[in-house]
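Visitor: Sharing a model prediction with you, sequence too.
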Amino acid sequence: MRLCRGQPAGTVAPGQRHQDNGEDDLDQQNTAVAGSEQLRRRIARVVNHLVADVDDVQLFKSILTIASEIARRSAKHSAEFLKSSGEVSQALKQFNDDQVTAKALELAGAFAARAGGIAADAWAAIPQAANELSSFDLIRLVDRSSEFLERGGGAALHILLSGGELLRRAPEIFDDWIDLLWVVAKHGNASLVAFVRSSPRFIRLLNTETNREAAVNLARRVIVLTKEIAAIDGEAALACFRSSARALQSVSIEQFEAWARRGLSSVRPDTRVRSPASTSLRRTRRPRHGPVGRPSGARRRRRWPAATRRRAGA
């Protein structure tokens with residue numbers, strides 16, 4: 001580093017500072033170019049393998065179109081989308097149904113346009129979601145999942161996966177479950193995602209019943225009850241939904257419904273449901289106005305130090 005005449009040691013001349021900044025910017029640009037070049041090579045290798053996996057020209061063109069849309073936001077996610085396309089195309093080919101393939105591409109395109117990079121995750125999830133489903137049920141799943149894209153890509157992705165499991169176990173209650181999710185969605189995306197993630201555990205309670213028809217009716221009654229609570233309080237509805245699987249192992253559905261509706265009968269003016277835990281806490285909480293026994297308007301007497309009281313008495 002060169003110093004100007006009369007310049008203290010350890011300082012940088014103004015011109016030198018600009019030169020150093022220019023070198024740093026050039027290094028960053030070179031690093032970015034190198035990274036982009038590596039990504040382009042990676043995408044080229046993936047595309048070459050994809051040509052061998054996808055023997056449908058129209059499907060291949062559609063995949064490249066969606067990958068280009070994703071690349072506008074994230075080249076990395078575009079490469080991941082292409083990488084999983086071979087497995088997805090093989091899973092779709094098993095249905096031997098052009099409408100199924102068209103619906104899957106439509107879903108991926110909607111994710112790419114509205115949720116960006118998460119489209120790669122949704123596309124890769126299709127084989128798992130479609131496993132053991134009929135063409136009719138898979139189209140139902142894709143259509144209803146795409147409707148929730150307005151609530152965010154993450155919510156729609158969870159619905160795609162959990163909805164696939166529900167359709168495998170109890171397709172009769174799929175529409176009831178979707179209707180419940182729309183009621184829950186009014187309380188925000190956090191409540192919606194929590195409900196969807198709790199659904200597989202709820203669905204598994206169907207396996208505890210030997211009579212399938214009775215199990216389906218039981219699940220439908222829980223969904224109806226939860227929807228009734230969700231119209232008033234999202235958190236209470238989630239607690240009801242989560243506890244139903246374990247509670248119904250020891251009590252009847254009638255007892256469970258009676259317990260939940262007793263909570264609905266004690267709704268406060270702010271339209272929230274009192275849970276038993278919060279009611280108990282409210283009963284034992286100390287009043288905000290002060291210690292128990294003192295009226296809210298009573299003033300507390302000031303207690304002076306002993307020395308001050310002796311001087312006052314003197």
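Guide: Cool, got the structure. Numbers count the residues shown, from 1 in each chain.

Visitor: okay, CA-based contacts and neighbour counts for the rest of this
Guide: OK.

Visitor: And the helices in the chain?
Guide: 14-53, 57-71, 75-93, 98-115, 118-130, 135-147, 153-169, 174-185, 189-204, 212-230, 234-247, 253-264, 276-284, 306-313 (DSSP state H).

Visitor: Mind giving me the packing neighbours of the third one?
Guide: In other words, helix 75-93. Identification of packing neighbours for helix 75-93 by 3 or more C-alpha pairs under 8 Å, 6 or more residues apart in numbering; DSSP states H and E yields helix 14-53, helix 57-71, helix 98-115, helix 118-130.

Visitor: quick one: the last one to helix 98-115, angle?
Guide: I take that to be helix 118-130. Compare the direction of helix 118-130 with that of helix 98-115 by axes from the mean of the first three to the mean of the last three C-alpha atoms, to 10 degrees and you get 150 degrees.

Visitor: and helix 118-130 with helix 57-71, angle?
Guide: Using the same axes, to 10 degrees: helix 118-130 against helix 57-71 is 130 degrees.

Visitor: Name the residues of stretch 164-178 that come out as buried.
Guide: 164, 165, 166, 167, 168, 169, 170, 171, 173, 174, 177, 178 (16 or more other C-alpha atoms under 10 Å).

Visitor: thought residue 103 was touching residue 141?
Guide: No. Using C-alpha atoms under 8 Å, residue 103 is not in contact with residue 141; the gap is 10.0 Å.

Visitor: For the two, indicate the residue with more neighbours.
Guide: Comparing residue 103 with residue 141 by other C-alpha atoms under 10 Å, the one with more neighbours is residue 141, at 24 against 16.

Visitor: quick one, what contacts that one?
Guide: 160, 163, 164 (C-alpha atoms under 8 Å, 6 or more residues apart in numbering).

Visitor: which ones are touching the first one?
Guide: Looking back up the chat, that one is residue 160. Residues in contact with residue 160, defined by C-alpha under 8 Å, 6+ apart, are 122, 125, 129, 141, 142, 145.

Visitor: so how many other residues sit close to the last one?
Guide: Translated: residue 145. Neighbour count of residue 145, defined by other C-alpha under 10 Å: 21.

Visitor: Does it touch residue 162 like I think?
Guide: No. Residue 145 is beyond contact range of residue 162, at 10.2 Å (criterion: C-alpha under 8 Å).

Visitor: hmm, back to that, how about the helices of the chain in JSON lines, adding mean pLDDT?
Guide: Below are these laid out as JSON lines (pLDDT from 0 to 100):
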{"stretch": "helix 14-53", "mean pLDDT": "55"}
{"stretch": "helix 57-71", "mean pLDDT": "90"}
{"stretch": "helix 75-93", "mean pLDDT": "90"}
{"stretch": "helix 98-115", "mean pLDDT": "94"}
{"stretch": "helix 118-130", "mean pLDDT": "95"}
{"stretch": "helix 135-147", "mean pLDDT": "96"}
{"stretch": "helix 153-169", "mean pLDDT": "94"}
{"stretch": "helix 174-185", "mean pLDDT": "95"}
{"stretch": "helix 189-204", "mean pLDDT": "89"}
{"stretch": "helix 212-230", "mean pLDDT": "90"}
{"stretch": "helix 234-247", "mean pLDDT": "88"}
{"stretch": "helix 253-264", "mean pLDDT": "85"}
{"stretch": "helix 276-284", "mean pLDDT": "38"}
{"stretch": "helix 306-313", "mean pLDDT": "54"}
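
Visitor: Phi, psi for residue 232 please.
Guide: Phi and psi for residue 232, reported as degrees, to the nearest 10, are phi -110, psi -50.

Visitor: State the pLDDT value of it.
Guide: Per-residue confidence at residue 232 stands at 90 (pLDDT).

Visitor: To what extent is it buried, counted in neighbours?
Guide: Neighbours of residue 232 under the rule other C-alpha under 10 Å: 19.

Visitor: Also the one 10 residues further on?
Guide: The burial metric for residue 242, expressed as a neighbour count using other C-alpha under 10 Å, is 17.

Visitor: show me the contacts for it.
Guide: Applying C-alpha under 8 Å, 6+ apart, one finds that residue 242 lies in contact with 198, 202.

Visitor: roughly how far apart are it and residue 149?
Guide: Distance, residue 242 to residue 149, using C-alpha to C-alpha, to the nearest Å: 25 Å.

Visitor: next one: residue 127
Guide: 20 Å.
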